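A.B. asks: give me a 3D structure for the following:
(2 chains)
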Amino acid sequence: MASSAINPGAPAEEISAEQKVPDKNRIALRRTLFGRFIRSLVVAFWVMFIAFSLLRFSPGDPIRLALGTDATEEAVAEMKQKYGLDQSFFVQFYDYFTGVFSGDLGTSFFSQREVTEVVAMHLPVTLMIILLSMGAAVIISIPIALSVALSRRPVITYFFRTSTSISLAIPGFFLALLGLLLFGTVVTWVPAAGYEGNFPSNLKYLWLPALVNCFSLVPILSRVLHSSLMDTLGEEFVETGVIRGVGKLKFYWSYMLRPSLAPTVVLVSYMVGIMIGGTVVMEMIFSLPGIGRELIEAVSTRDYAIVQGIVMIFGLIVVFTSFIGDLLGYLLDRRVTLS
Amino acid sequence: MSKKAKKIRVEGTLGVIIGAGMMGALLLAGLLIPWFGKYDANEISENQLMPPSSDNYFGTDMLGRDIFARVFDAVFIDIGTAFAGVLIPLAVGTIIGTLLGISRNRKVNSFIGSLIDGINAFPFLIFVIALVAFLGAGLGSIILALSLVNWARYARIARTRAVVVNQQGYVEAARTLGYKPSRILFRHIIPNVSSETRAYALSDFIIVIIAVAALSFLGLGVNPPQAEWGAMIKDGANIITLAWWAAVFPGLAICWAGISVAVFSEGLTKRIGEGNQQ
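C.D. replies: Here you go, the predicted structure:
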């Protein structure tokens, strides 16, 4: 501050401007996050609205379908009243919307089961598969991306790019069948059927579905991680690290991975949607009691209330995880904030 | 042109040729084999579950149908459905996204923008499954469902791009010259926006080929006698320990189709990337 006493002109302004920068950053960060939060809420509202209006796409009358063709007019009217389907579209949506907040997603037209109950019972298995596949994808992608980035040989990079784009073209359900053929019959590492709910024992049933499922994620993940590692490698601090002779582990983590992680974390959160789609297929193939199998069963029996509820839950999960991913992205790399 | 740049360009061209050749060969086989092949795709025989031989190249399925004939009978069903399922959302999404990008009405913009985000929030396959469930199974429903879901992804890309294109000098120049807004939109803005959405369409094509097969695999696609890769894999999955060929060959056909698009688009990206650097 001594300089400002001598010359109260430009330098003082410079100093105060420098001091303001972190504050400005924080405000910008808060504003961005708040904006993202509001946007997520709006999107969540649309998710509920779209899931709700799905029922309008059905060509027939769902109630008549549930009751069968020989149902009397009175029975249909009574059922409609029971489910509130005699109300106007917006009244129905308002009821559905407020119901969601009290944990009421409606009741199945056929089995009288509460949709919330179905979701609560089967969601844990699905989430477990998703978590396992994402964990596996991260564990597989990091060494691949690191070694390709550090090798610097064009042949390896070329091979890496080609093999990742080709492996994206292999359908997960085909890969799952091949896995089942190999690990179910040639070597019996996977139990043929059945499922146990408790944590360590269910891994026996879940490891292969999770591994197959992660194969749709590994190519994308390792490519993004590879390209952000290449960006990091161009930074001067990496060279400094090499010159200073930092220990191997510290170099890999602090100098290479940590600065490159932000785009990957954001991407992983966006990939939850793709993982959910893959998990549905895996649950069907490996006959696991997850929510995806419930969805397909509900689709084949035309149990629209359950389809609606499950689709909405999945949509909300994606909205939530993308918000969390953005949040983590900002926290990992503050530079994102200002752009 | 430097030696390295030339090499990358040659590699790119090679990729484009190989990819297009693979897809062309598949389409040609899909055209010729149902006409000139030994067996009809739906011809039932007593030789059930025969392993691949010189008579039945890919073996036979549970009803004794020739899998070789069925795999190639399905080419136009699968590729055609996927093609329509990419082309319609590409066109619709590009136009809607471009209009949003150049419109000045902020209310409409943020309203439709949030609707687009809402549609994109649903997991792709789940949303398509649900829509097909409500629309009823079948190829028409699959194309409609794919269009209803996917236009939003194209619209998002197009909107971002259109905002940039709209401020370019050549658009300003066209305005100054007094061209009609429709001419500026279709001759100047959309071609430049669609270069981006078309690039996305190529990678989307792979996803959609797999999704079409996955829907049939889950029982939401074609009606039974019709040969279709996903449905064939579904039938073969139950007997995979007895007859691996019933599921593996249609699966390989999907891989072939997907890889041909992947190789093609990789080559194209390389060529275009090289062009941009110069």
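
A.B. asks: make it CA atoms for all contacts and neighbour counts henceforth
C.D. replies: Fine.

A.B. asks: burial of residue 164, as a residue count?
C.D. replies: Went with chain A since none was named. Neighbours of residue A:164 under the rule other Cα atoms under 10 Å in any protein chain shown: 20.

A.B. asks: ah, no, chain B please
C.D. replies: By the criterion of other Cα under 10 Å, residue B:164 has 13 neighbours.

A.B. asks: now name the helix or strand holding it.
C.D. replies: In the assignment (DSSP states H and E), residue B:164 maps to helix B:139-166.

A.B. asks: any idea which helix or strand comes after that helix?
C.D. replies: Later in the chain than helix B:139-166, the nearest helix or strand by DSSP H and E is helix B:169-176.

A.B. asks: hmm, back to that, got the buried residues for the helix holding residue B:164?
C.D. replies: B:139-163, B:165-166 (16 or more other Cα atoms under 10 Å in any protein chain shown).

A.B. asks: same question, stretch A:208-228
C.D. replies: Neighbour counts using 16+ other Cα under 10 Å place A:208-226, A:228 of stretch A:208-228 among the buried residues.

A.B. asks: out of the residues you listed, list just those in helices.
C.D. replies: A:208-214, A:218-226, A:228 (DSSP state H).

A.B. asks: could you give the mean pLDDT of stretch A:213-221?
C.D. replies: For stretch A:213-221, the per-residue pLDDT values average out at 88.

A.B. asks: that stretch near chain B anywhere?
C.D. replies: No - on the criterion Cα under 8 Å from any Cα of the partner chain, stretch A:213-221 is out of touch with chain B, staying 10.6 Å away.

A.B. asks: measure that stretch end to end?
C.D. replies: In stretch A:213-221, first residue to last residue: 13 Å (Cα to Cα, to the nearest Å).

A.B. asks: what does that stretch rub up against?
C.D. replies: Outside stretch A:213-221, the residues within contact range by Cα atoms under 8 Å, 6 or more residues apart in numbering or on different chains are A:133-134, A:136-138, A:140-141, A:164-165, A:167-168, A:172, A:264, A:267-268, A:271, A:275, A:278-279, A:282.

A.B. asks: get me the contact residues on the stretch 201-339 of chain A for chain B.
C.D. replies: Applying Cα under 8 Å from any Cα, we find that the stretch 201-339 of chain A lies next to chain B at A:272-274, A:276-277, A:281, A:284, A:296, A:299-300, A:302, A:304, A:307-308, A:311-312, A:314-316, A:318-319.

A.B. asks: and residue A:212, how far from chain B?
C.D. replies: The spacing between residue A:212 and chain B, counted by Cα to the nearest Cα, to the nearest Å, is 15 Å.

A.B. asks: neighbours of the residue lying closest to residue B:265 once chain neighbours are set aside, how many?
C.D. replies: For residue B:265, ignoring the flanking residues on the chain, the nearest one in space by Cα to Cα, 6 or more residues apart in numbering or on different chains is residue B:202 at 6.4 Å. Other residues within reach of residue B:202, judged by other Cα under 10 Å, total 16.

A.B. asks: and the one 10 residues further on, by the same measure?
C.D. replies: By other Cα under 10 Å, 28 other residues sit near residue B:212.

A.B. asks: is it true that it touches residue B:82?
C.D. replies: Yes - counting by Cα atoms under 8 Å, residue B:212 does reach residue B:82; the two are 6.5 Å apart.

A.B. asks: contacting residues for whatever residue of the stretch 101-250 of chain A ends up closest to chain B?
C.D. replies: Using Cα to the nearest Cα, the single residue of the stretch 101-250 of chain A nearest to chain B is residue A:169, 4.6 Å away. With contacts defined as Cα under 8 Å, 6+ apart, residue A:169 is in contact with B:206, B:207, B:210, B:255, B:258, B:259, B:262.

A.B. asks: could you look up the SS state of residue A:112?
C.D. replies: Three-state assignment for residue A:112 (DSSP: H, G, I helix; E, B strand; the rest coil): coil.

A.B. asks: ramachandran angles for it?
C.D. replies: Backbone geometry at residue A:112, expressed as degrees, to the nearest 10, gives phi 60, psi 10.

A.B. asks: please apply the same query to residue A:302.
C.D. replies: phi 60, psi 40.

A.B. asks: where does it land on pLDDT?
C.D. replies: Taking residue A:302 on its own, its pLDDT is 79.

A.B. asks: excluding its backbone neighbours, what's nearest residue B:21?
C.D. replies: In this structure, residue B:21 finds its nearest non-sequential neighbour in residue B:260, 7.9 Å apart by Cα to Cα, 6+ apart.

A.B. asks: how about that neighbour, what does it touch?
C.D. replies: Applying Cα under 8 Å, 6+ apart, the residues contacting residue B:260 are B:18, B:19, B:20, B:21, B:22, B:23.
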